[in-house]
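Asks: 3D, please:
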Amino acid sequence: MIHALSSLRRAAILLAAIVAFGATSAAAADYANPGLLTSTETLGLMLEDPNVRVVDVRPREAYDAGHIPGAIHLSADDIIDPVSHVDGDLLPLSELAAMLGERGIGPETRVVFYDDRGGFHASRLFWLLEYLGHRQVSVLNGGFPAWEREGWTVSQEAPTVEPTEFPINLTPRRAASADWLMERRDDPSVVVIDVRPTPLFEEGHIPWARNIPWAQNLNEDGTMRSAEDLLAHFAAHGVTPDDNIAVHCQNGKASAHSYLTLRLLGFQQVRSYDRSWAEWGHAYDLPTASSTDG
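Replies: Numbering: from 1, shown residues only. Okay, here's the model as predicted:
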């Protein structure tokens, strides 16, 4: 059964959701951009708002087995171009816009993405919407496991939504390319972060990249670590809010998680190299390094 909240507490949480999209919990208050992370309590209230679209990015079979009431389905792999020579590459922008519009996501829609991997997949959709120019977007902290663990209602009913038009207003400062990275390889203000697990980094990486695995952004229960912990974590790697940061991984998914994390912390200059190592590691004219290099 869904949690029962007192009228006073319910009103307070709803007010917080209005003031800062998704920002409710005390733990979220110390993030510079708390509205990018939505708590389960806030989402429970937001489900009553017709202008909110909750998007389940898990595989279809997981969605069909049970999902957050009113959530629509958009698998994380649905946005991948199956014919691109770069593994994990995105579909053409026009197709992505049509896909979002078909799910009732318009320019004023508040969007909350969730998955069951600590935001690993949801974060890429978060990054994509920011890159496409959509501003009212967040990720559910802890995802579906947190929703179930806390006893919130689960549904097997797929809602009917009214299709709309999703406008594209690209935000280039949210994306990096191989050329962008190469042009700035000697710029001390630019920091490239490879968020893959360390063994993959050691096998091959961009020579000037730093390895900060994405999974270190999370607590053991799959929720985001506190701002204090995360700021200290990145500072220990020499990464500060003054840096101009590009994050990458293997194929654009994990990098978006660290993109979300840095945005949550208030880093102003952060972008994702979405084509990532899938492109860089297979390009004969781009430099690479490994732990076995002399």
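Asks: what about Glu148, neighbour count?
Replies: 15 (other C-beta atoms under 10 Å). For the C-beta atoms, the positions are set from N, CA and C on the backbone; glycine is no exception.
Asks: helices or strands next to the host helix or strand of it in the packing?
Replies: For Glu148, the element it lies in under DSSP states H and E is helix 143-149. Other helices and strands packing on helix 143-149, by 3 or more C-beta pairs under 8 Å, 6 or more residues apart in numbering; DSSP states H and E, are helix 40-46, strand 110-114.
Asks: Relative to His85, which of those is closest?
Replies: Closest approach to His85 among those (C-beta to C-beta): strand 110-114, 27.4 Å.
Asks: Wait, His233 touches Arg225, no?
Replies: Yes: assessed by C-beta atoms under 8 Å, His233 is found in contact with Arg225 at 7.4 Å.
Asks: Mind listing residues that contact the helix holding Glu148?
Replies: 40, 43, 56, 58, 62, 67-68, 114-119, 122, 140, 142, 154, 221-223 (C-beta atoms under 8 Å, 6 or more residues apart in numbering).
Asks: Try it again at 6 Å.
Replies: With contacts defined as C-beta atoms under 6 Å, 6 or more residues apart in numbering, helix 143-149 is touched by Thr40, Ile68, Tyr114, Asp115, Asp116, Gly222.
Asks: likewise stretch 249-269?
Replies: When contacts are defined by C-beta under 6 Å, 6+ apart, stretch 249-269 is touched by residues 31-33, 36-37, 87-88, 119-120, 123-124, 126-127, 195-196, 214, 217, 227, 230, 241, 244, 247-248, 270, 272, 274, 276-278.
Asks: for stretch 202-209, same thing?
Replies: Contacts to stretch 202-209, defined as C-beta under 6 Å, 6+ apart, come from residues Arg185, Val192, Asp194, Gly281, Pro287, Thr288, Ala289, Ser290, Ser291.
Asks: Just the buried ones among those residues, please.
Replies: Val192, Asp194 (16 or more other C-beta atoms under 10 Å).
Asks: ok, of the contacts of stretch 202-209, which one's closest to Arg135?
Replies: Closest to Arg135, out of all of the contacts of stretch 202-209 and judged by C-beta to C-beta, is Val192, at 26.2 Å.
Asks: For the closest one, which non-adjacent residue is spatially closest?
Replies: Among residues not flanking Val192 along the chain, Ala209 sits closest, at 4.3 Å (C-beta to C-beta, 6 or more residues apart in numbering).
Asks: And that neighbour, how close does it get to His237?
Replies: 11 Å (C-beta to C-beta, to the nearest Å).
Asks: Kindly report the same for Asp186.
Replies: Distance, Asp186 to His237, by C-beta to C-beta: 20 Å.
Asks: Looking at those two now, which is surrounded by more residues?
Replies: Neighbour tally, Asp186 and His237, criterion other C-beta under 10 Å: the higher count belongs to His237, 13 against 8.
Asks: ok, how many other residues are close to the spatially closest residue to the more buried one that is not a sequence neighbour?
Replies: Distances taken as C-beta to C-beta, 6+ apart place Ile212 nearest to His237, at 5.2 Å, with adjacent residues excluded. Using other C-beta under 10 Å, the number of residues around Ile212 comes to 23.
Asks: ditto for Pro59
Replies: Pro59 is flanked by 16 other residues according to other C-beta under 10 Å.
Asks: Equivalent analysis for Ser39, please.
Replies: By other C-beta under 10 Å, the residues close to Ser39 number 26.
Asks: Now do the SS call for Pro167.
Replies: coil (DSSP: H, G, I helix; E, B strand; the rest coil).
Asks: need the contact list for it.
Replies: Listed by C-beta under 6 Å, 6+ apart, the contact partners of Pro167 are Pro107.
Asks: From Glu279, how far out is His233?
Replies: Distance from His233 to Glu279, by C-beta to C-beta: 28 Å.
Asks: Any chance you could list what contacts the helix or strand following the helix holding Glu148?
Replies: Using DSSP H and E, the next helix or strand after helix 143-149 towards the C-terminus is helix 178-183. Helix 178-183 is contacted by residues Trp280 when judged by C-beta under 6 Å, 6+ apart.
Asks: Now helix 178-183: buried residues?
Replies: Those would be Ala178, Leu181, for helix 178-183 by 16+ other C-beta under 10 Å.
Asks: tell me the mean pLDDT over it?
Replies: Across helix 178-183, pLDDT averages out at 98.
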